[in-house]
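Undergrad: 3D model of this:
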Amino acid sequence: MRGLYWEEWEIGQEFVSPARTITEADIVMFAGLSGDYNPLHINEEYCKTTQFGTRIAHGPLIYAIAAGLVFQLHLYDDTLIAFLGFDSLKFTKPTKIGDTVHVKLKVLEKRETSNPDRGVMKRQLQVLNQRGEVVQDAVQAFLLKRKAK
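TA: The predicted model follows:
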């Protein structure tokens with residue numbers, strides 16, 4: 001399978017990923033992997049005293065899961081050259097154990113580069129929970145292969 005070449009991305013085009021439920025194991029493993037043992041993620045009793053009322057997932061964990069959900073769409077297989085970075089990344093709502101998230105992508109813009117075998121595409125990435133609430137909102141840029149002439 002191959003992903004979409006730069007020419008095949010259309011401004012305004014949208015894609016929706018599969019969904020995935022966030023588990024306690026996700027949060028515990030991410031804390032161990034990252035070294036981020038903030039009590040908001042690992043201390044249930046402390047969290048009962050916060051505005052959240054329970055543990056919340058790390059923002060970078062949810063982004064990493066979102067990246068995996070997007071990967072399952074196979075949009076970039078053998079056509080992605082580089083992830084160029086974020087124009088913005090906002091964590092807009094907390095994600096809790098038991099929440100189910102999915103990703104909505106929307107193509108925002110495209111531009112050619114000085115190299116004719118590649119182009120830049122910007123997209124909006126939104127992570128939504130089971131209630132349709134946006135929990136993360138990002139604008140990202142990617143360098144993609146162009147079709148051979």
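Undergrad: show me what contacts Asp117?
TA: By C-beta atoms under 8 Å, 6 or more residues apart in numbering, Asp117 lies in contact with Lys145, Arg146, Ala148. Heads up, the C-betas are built off the backbone N, CA and C, glycines and all.
Undergrad: and the residue nearest the centre of the chain, how close does it get to Glu45?
TA: The residue lying closest to the centre of the chain (C-alpha atoms, centre = their mean) is Ala66, at 3.6 Å. Distance, Ala66 to Glu45, using C-beta to C-beta, to the nearest Å: 29 Å.
Undergrad: and for Gln130?
TA: From Gln130 to Glu45 the distance is 26 Å (C-beta to C-beta).
Undergrad: please state the backbone phi and psi of Glu8?
TA: phi -90, psi -10 (degrees, to the nearest 10).
Undergrad: what's the distance between it and Arg2?
TA: 10 Å.
Undergrad: okay, those two: which has more neighbours?
TA: Glu8 (14 against 11; other C-beta atoms under 10 Å).
Undergrad: in the protein, which spans are strands?
TA: Shown for the chain, the strands assigned by DSSP state E span residues 14-16, 20-21, 80-91, 100-112, 118-128, 134-145.
Undergrad: looking at those strands, which is closest to Ser34?
TA: strand 80-91 (15.2 Å; C-beta to C-beta).
Undergrad: identify all contacting residues around the closest one.
TA: 3, 59, 62-63, 118, 120, 122, 135-145.
Undergrad: 10 Å instead?
TA: Outside strand 80-91, the residues that touch it by C-beta atoms under 10 Å, 6 or more residues apart in numbering are 3-4, 6, 56-60, 62-63, 67, 76, 108, 115, 117-122, 124-127, 134-146.
Undergrad: avg pLDDT for it?
TA: Averaged across strand 80-91, the pLDDT comes to 97.
Undergrad: now do it: distance to the chain's middle.
TA: 9 Å (C-alpha atoms, centre = their mean, to the nearest Å).
Undergrad: that concludes my questions; thank you for your assistance.
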